[in-house]
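Participant: make a model of this:
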Amino acid sequence: MPTLPHTGLNTPDQPRYEVTSCRELELLRGTPFLATLSHGGRKIGTAQNYGDGDATEFVPHGDVPVADFVQFADACRLDDKPVSLSLLLDLLIEEFNVSRSLRAQALHGRTLLREVAPDGTTTISGTITMPATPDDRRRVREALGLPLTPGAATQFWNGSQWEHLAGTSRS
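Facilitator: Here you go, the predicted structure:
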């Protein structure tokens, strides 16, 4: 099964469901959002969350069979464990949002930094100019005092995978 690069979610080869747009609203008490889910260029539904701590919900579009998407969700894995439908939606949205941020940063010769905690959880921690050499990576680590979280590893997106700022690569 393919692994999505920004979340580590394992998904079946087919069908391929993806988030194709996402609108968020920053509020004092949460971030409600509405995301469009598509398959083969066809809108199949939306993922919505009211930002109040409740689970993200799938709302099918038209006559799309919900069972097909639920079957896809049942086949997905994160760290070799099944994921709930709500978590699947959240992870697909995270993939979309990180990819969108990376494209925007790349237009300016920049990339994202993320921290990987010892338990494997990741957090986007900032942006940097794309490091071209090991010396560039060392200078960034020293200038920013990385990692910010004790015990975490700091990575940057090198255009095709997440790479440790120390120079060893990991996807």
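Participant: flag every buried residue along stretch 152-167.
Facilitator: Within stretch 152-167, the residues that qualify as buried by neighbour count (16 or more other CB atoms under 10 Å) are 152, 153, 154, 155, 156, 157, 162, 163, 165. The C-beta positions use only the backbone N, C-alpha and C, and glycine is treated the same way.
Participant: actually stretch 16-34, not the one I typed
Facilitator: Within stretch 16-34, the residues that qualify as buried are 17, 18, 19, 22, 33, counting by 16+ other CB under 10 Å.
Participant: ok, now stretch 33-48?
Facilitator: Along stretch 33-48, the positions that meet the burial threshold by neighbour count (16+ other CB under 10 Å) are 33, 35, 36, 37, 38, 39, 44, 45, 46, 47.
Participant: just list whatever residues bridge to the fourth one.
Facilitator: As for beta bridges, residue 37 partners with residue 19, residue 45 under DSSP bridges.
Participant: before we move on, the earlier item: what is the nearest of the buried residues of stretch 33-48 to residue 115?
Facilitator: Compare each of the buried residues of stretch 33-48 with residue 115 using CB to CB and the shortest gap goes to residue 33, at 23.4 Å.
Participant: hang on, that closest one packs against residue 48?
Facilitator: Yes - counting by CB atoms under 8 Å, a contact exists between residue 33 and residue 48, whose distance comes to 7.1 Å.
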